[in-house]
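[1] quick one, fold the following:
(2 chains)
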2 protein chains.
Amino acid sequence: MDIEIKRAADPFPHKSVVACQGIAGSNSETACRTLFTDPDIMFFKSFSAVFSAVESGMCQYGILPIENSTHGSVTAVYDLMQKHSFGIVKAVKISITHNLLGRESSRLSGITEILSHEQAIGQCSEFIKSHPHIKVTVCSNTALAARLVAESGRDDLAAICSIQCKEIYGLKPLAIGIQDAQYNCTRFICISKSPVVYDGSDKFSIVCSLPHKPCSLYGLLGIFAQRGVNLTKIESRPIPGTDFEFLFYIDFEARLSDAETKSLISELEGYLSKLEVLGIYSEISDASE
Amino acid sequence: MDIEIKRAADPFPHKSVVACQGIAGSNSETACRTLFTDPDIMFFKSFSAVFSAVESGMCQYGILPIENSTHGSVTAVYDLMQKHSFGIVKAVKISITHNLLGRESSRLSGITEILSHEQAIGQCSEFIKSHPHIKVTVCSNTALAARLVAESGRDDLAAICSIQCKEIYGLKPLAIGIQDAQYNCTRFICISKSPVVYDGSDKFSIVCSLPHKPCSLYGLLGIFAQRGVNLTKIESRPIPGTDFEFLFYIDFEARLSDAETKSLISELEGYLSKLEVLGIYSEISDASE
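    All right, here's what the predicted structure looks like:
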């Protein structure tokens, strides 16, 4: 394959400078602390700034949410992948519990406005629908929502956020575990500036566009099926400005060291009009810790 | 096939009672007026209420956005499909231009807060990013955003909405055509209580879950490919509460009258653990009017 992929010289580090979106108490921080024992976390306002911090070399790694089991893909992160240069080096899956936190003097019945990130709002849609008089305002991070509530001086304002924010921002739980589904997990990717491969990597992420011919997705899946390679995800994202043309983001299980993988990649390169390997990595989960 | 699908006794009507999300000036209204010459429109606050109005028989038809060429699928509508009973009877694709409208006395440089629907916000991400000091607040509809601006008495508040809202709410354009991509189209579906098929219908929408076996998506696509049937869309949505299990929403080109279609559907029924036909219909676009 003509894609430059280097094996990592050292094992995946315990500590490093890591970019996370949001502020202290965010779910990105939880994901980061599941991957790194002793990270030096720099917080950024937007997903785009996390990509840029890694691209510029300011941070060695960056943490980004990619998919939630209730609400689906974090499409904003997929769309930013088109605009940045990076490599995925690890993935981590963590359980997410959403809670409604207000100030010490607040009561649930007095809340008129909720702040949170749009993914959290989507994951708590039943709770929100059952409180139709409460206005919902989007902000860029669940922990920022908690801090804004703490600073607001308002007893009618509450945040949907992690329980960690209770201690960090001195808030009071008004409702616990308000997400629609009890099983609610988010997968995060850990990116670096260039796509190095650490030992034990068993998962590929690629992005591609399909050739303009009939049944081209079927043809693509056949290349995997014929080798018994298991796809773990396909996500299609529109290419802005086109008449519903798509990029396909595909995750599959394979090891770089297998001879079969080399033939798979070269057949993909021949078949696809565009192919990029976003990373080769392993995934851990907080339950497996 | 054991799915009950009736051919319509009459042609698709010019006038009817139609449920739209939002208020006057919404893009759903534009889609509705592209499909019906003389609709009697009832506006509802949420997508869920549009489904319910049709399900209960209060409205004969309902209009729902399903996919945008820049921002992707309207996942909230896909997720509501799991909860309601309906049939898709038509589809319509319309061009969307987003504009920033303020009050007569407003200037762009004085705006501190923008209101709009989250899809519109997503489609104008470049404009929003280039004005980082402006707070963005989500509301349930672009036209509602326009009305709230008109009623606010605030010169620092603006709405991202259609140009129709200029006349309807007496607003002033502060910026025109602010969507990221110049080509920006949204597809809407028109639903009825039960899935009747009008003359000229050439597109199927189905929802299914895949059998638990390796390469099951490949096997599914093979059933279509082997017959040369063209898929126009696949959307996967997580089943809440599961560990990343998915429902697949698939659109394909076929006519109910073809013998081949009958064999296709019966092979699909044999292969899939769940299959539901959401509708058989034709699609028009505002450019084709």
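[2] check whether the top strand by length along chain A comes near chain B.
    Counting residues, the longest strand found in chain A (DSSP state E) is strand A:274-285. No: Strand A:274-285 lies apart from chain B when judged by Cβ under 8 Å from any Cβ of the partner chain; the minimum separation is 10.1 Å. C-betas here are computed from N, CA, C, even on glycine.
[3] what lines up beside that strand in the sheet?
    Using DSSP bridges, strand A:274-285 pairs in its sheet with strand A:87-95 (parallel), strand A:203-209 (antiparallel).
[4] in TSV, list those along with mean pLDDT and mean neighbour count.
    Compiled in TSV, the strands paired with strand A:274-285 are given as follows (pLDDT from 0 to 100; neighbours: other Cβ atoms under 10 Å in any protein chain shown):
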stretch	mean pLDDT	mean neighbour count
strand A:87-95	96	22
strand A:203-209	96	20
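[5] right, and those - which one's nearest residue B:46?
    Closest approach to residue B:46 among the strands paired with strand A:274-285 (Cβ to Cβ): strand A:87-95, 29.1 Å.
[6] skip ahead from the closest one and say which helix or strand is next.
    Remark: after strand A:87-95, the chain's next helix or strand is strand A:99-102, criterion DSSP states H and E.
[7] which residues does that following strand contact?
    Contact with strand A:99-102 is made by A:108, A:111, A:114, A:127, A:146, A:149, A:155, A:157-163, A:165-166, A:169, A:171-178, as judged by Cβ atoms under 8 Å, 6 or more residues apart in numbering or on different chains.
[8] among these, name the ones in helices.
    Those of those mapping onto helices are A:127, A:146, A:149, A:165-166, A:169, per DSSP state H.
[9] filter those residues down to the buried ones.
    Taking 16 or more other Cβ atoms under 10 Å in any protein chain shown as the criterion, what is buried in the ones in helices among the contacts of strand A:99-102 is A:127, A:146, A:149, A:165-166, A:169.
[10] and which of the residues you listed is nearest to residue B:43?
    residue A:127 (25.4 Å).
[11] not counting residues beside it along the chain, what's closest to the closest one?
    residue A:178 (4.2 Å; Cβ to Cβ, 6 or more residues apart in numbering or on different chains).
[12] now do that neighbour: how many residues are near it, please.
    If you count neighbours by other Cβ atoms under 10 Å in any protein chain shown, residue A:178 ends up with 19.
[13] show me the shaky parts of the stretch 1-150 of chain A.
    A:1-4 (pLDDT under 70).
[14] so which bits of it are right by chain B?
    Residues of the stretch 1-150 of chain A lying near chain B (Cβ under 8 Å from any Cβ): A:48, A:67-72, A:75-76, A:118, A:122, A:129, A:136-138.
[15] what do you get if the cut-off is 6 Å, keeping everything else the same?
    A:69-70, A:72, A:75, A:137-138 (Cβ under 6 Å from any Cβ of the partner chain).
[16] can you get me a residue count around residue A:148?
    Quick note: residue A:148 (other Cβ under 10 Å) scores 17 neighbours.
[17] next, the buried residues of stretch A:134-152.
    So, applying 16+ other Cβ under 10 Å, buried residues of stretch A:134-152: A:134, A:136-150, A:152.
[18] please enumerate the helices of the stretch 1-150 of chain A.
    A:27-35, A:47-55, A:75-81, A:118-123, A:125-129, A:142-152 (DSSP state H, counting those that start in this stretch).
[19] break chain A down into its domains, please.
    A:6-95+A:185-288, A:99-175 (automatic domain parsing).
[20] among these, which is nearest residue B:21?
    Nearest to residue B:21 among the domains of chain A is domain A:99-175 (14.7 Å), distances taken as Cβ to Cβ.
[21] and residue A:16, what is it in contact with?
    For residue A:16, the contact set (Cβ atoms under 6 Å, 6 or more residues apart in numbering or on different chains) comprises A:60-61.
[22] correction: the previous question concerned residue A:76.
    The contact partners of residue A:76, by Cβ under 6 Å, 6+ apart, come to residue A:47.
[23] so residue A:222: helix, strand or coil?
    Recorded secondary structure, residue A:222: helix (DSSP: H, G, I helix; E, B strand; the rest coil).
[24] thinking again about what came up before, how about TSV for the strands paired with strand A:274-285, with distance to residue A:225 added?
    Listed next are the strands paired with strand A:274-285 as TSV, based on distance: least, Cβ to Cβ, whole Å:
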stretch	distance to residue A:225
strand A:87-95	23
strand A:203-209	16
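[25] so which of those comes closest to residue A:253?
    That would be, of those and by Cβ to Cβ, strand A:203-209, which comes in at 5.9 Å.
[26] contact partners of the closest one?
    Under Cβ under 6 Å, 6+ apart, the answer for strand A:203-209 is A:88, A:247-254, A:272-281.
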